[in-house]
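**Q** this is a predicted model, with the sequence first.
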Amino acid sequence: MKFRERYIFDSAKDFIGKGGFAKVFRAYDTIRKRYVALKFYAGTESEKYDIISEINRMDNLAHPNLIRYYDATFIDSVNAIGEKEQIQVGIMEFANAGDISLFFKKTQPTELTRQVILDILSGLAYLHENGIAHRDMKPKNILLSEENGRLTAKIADFGISKKVEAGEDASVSSQLLGSVEYMAPEQFAPAVYGIAGKLGTNADIWSLGIILYEIFTARLPFGSRTKGITYEQILNNILFQDLDIDYNAVPEPYRSVIRRCLVKNAAQRAQSANELIAIIEGKTYQDTCQQRRETNRYIAQPEYPHRPTPKQDGQQRWRYAYTEPIGAKQR
Ligand SMILES: Nc1ncnc2c1ncn2[C@@H]1O[C@H](COP(=O)(O)OP(=O)(O)OP(=O)(O)O)[C@@H](O)[C@H]1O
Ligand SMILES: [Mg+2]
């Protein structure tokens, strides 16, 4: 079956958005009878990005607060100068309610805000417990899904970690991604701010602090390019300036959470999302870890239908037997 027969979409009406690497569309999967998101990695840019590795790394990971990858493939295309090229396409869970920027209006600490923040922290804790650092946590990568009147936040895009692990200069990756506003100091200067000179999973905790601050104040503490501040200035602020943070503008318990996130030195910053969940829920760190271990056991229960190891065949196609995200049934 041809790709465009299986996935039906209108390139104008179903266009969701465009980032540094890719264009995203909503499409209807005629076989699985559900909406999916298709992410097309454009031309030469996609050479810097390896969706297959990203998906392989996420294999066997499933969590209600992470966008689920269903499959990836290559499709043939013709570029602007008439050359044939192959485009990588990621096929993933479609989040039907936009991204979390709708919360960026000096949000009040409602039950919904609390739930959304706990969702993000749960997804992040699960990623980190599985040894994956996101490294591009920003509002556009935190999506919302509405099901039966209930909103769930889901983290998307786990692609950058491989490149950093492969030894590429962290600042090069960051520039490629172009979301400097949310990046941790050690992503640019690991020797100065990293843990033992390295970039760890709690770089994501810094980014989360920026996102939370933005949720409650509609401001970015180190400046924003949408407000005319240059990339270099923001970078300079992150690395060398004291934080321009009005903690009083943030209600508790989020004020305490942000204080644990926005610590320049990664070794002194909160080490895990569980620590932040504990603050929000008013529990001890130990109780939170125990509770999360039980939840994770449920998510990763052995009777959860088994997904075979991914194979790559001669046509560079990659797929696995997809099973419904278990989180959807739990909630
Ligand atoms: N699975 C999805 N469901 C719904 N919307 C999505 C999905 N994945 C991405 N989007 C939206 O599509 C748009 C483009 O996403 P994309 O990941 O290509 O870029 P980005 O996250 O904005 O930036 P970058 O390229 O720097 O990661 C964003 O607005 C994003 O919120
Ligand atoms: Mg994205």
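**A** That came in fine, so what should we check first? Ligands and ions are numbered 1, 2, ... in the order given.
**Q** all strands for the protein, in order.
**A** Using DSSP state E, the strands of the chain run over 7-8, 15-18, 22-29, 34-41, 69-78, 84-93, 142-147, 150-155, 311-312, 318-319.
**Q** which parts of the stretch 1-150 of the chain sit against ligand 2?
**A** Counting by Cβ under 5 Å from the ion, the stretch 1-150 of the chain comes close to ligand 2 at N141. (C-beta placed from N, C-alpha, C; glycine too.)
**Q** show me where pLDDT drops low in the stretch 1-150 of the chain?
**A** 43-49, 106 (pLDDT under 70).
**Q** what's around the nearest residue to S101 once chain neighbours are set aside, how many residues?
**A** Excluding its sequence neighbours, the residue lying closest to S101 (Cβ to Cβ, 6 or more residues apart in numbering) is P139, at 4.8 Å. Neighbours of P139 under the rule other Cβ atoms under 10 Å: 19.
**Q** please apply the same query to E147.
**A** Neighbours of E147 using other Cβ under 10 Å come to 11.
**Q** can you give me the first-to-last residue distance of stretch 212-231?
**A** Counting by Cα to Cα, to the nearest Å, you get 21 Å between the two ends of stretch 212-231.
**Q** next, the buried residues of that stretch.
**A** 212-217, 219-223, 229 (16 or more other Cβ atoms under 10 Å).
**Q** need the residues you listed in JSON lines (columns: pLDDT and distance to ligand 1).
**A** What follows is the buried residues of stretch 212-231, written out as JSON lines (pLDDT from 0 to 100; distance: Cβ to the nearest ligand atom, whole Å):
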{"residue": "L212", "pLDDT": "95", "distance to ligand 1": "18"}
{"residue": "Y213", "pLDDT": "94", "distance to ligand 1": "19"}
{"residue": "E214", "pLDDT": "93", "distance to ligand 1": "15"}
{"residue": "I215", "pLDDT": "92", "distance to ligand 1": "16"}
{"residue": "F216", "pLDDT": "92", "distance to ligand 1": "21"}
{"residue": "T217", "pLDDT": "91", "distance to ligand 1": "22"}
{"residue": "R219", "pLDDT": "91", "distance to ligand 1": "20"}
{"residue": "L220", "pLDDT": "93", "distance to ligand 1": "16"}
{"residue": "P221", "pLDDT": "93", "distance to ligand 1": "20"}
{"residue": "F222", "pLDDT": "94", "distance to ligand 1": "17"}
{"residue": "G223", "pLDDT": "92", "distance to ligand 1": "18"}
{"residue": "I229", "pLDDT": "91", "distance to ligand 1": "18"}
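**Q** E294: which of those residues is nearest?
**A** Among the buried residues of stretch 212-231, L212 lies closest to E294 (Cβ to Cβ), at 25.9 Å.
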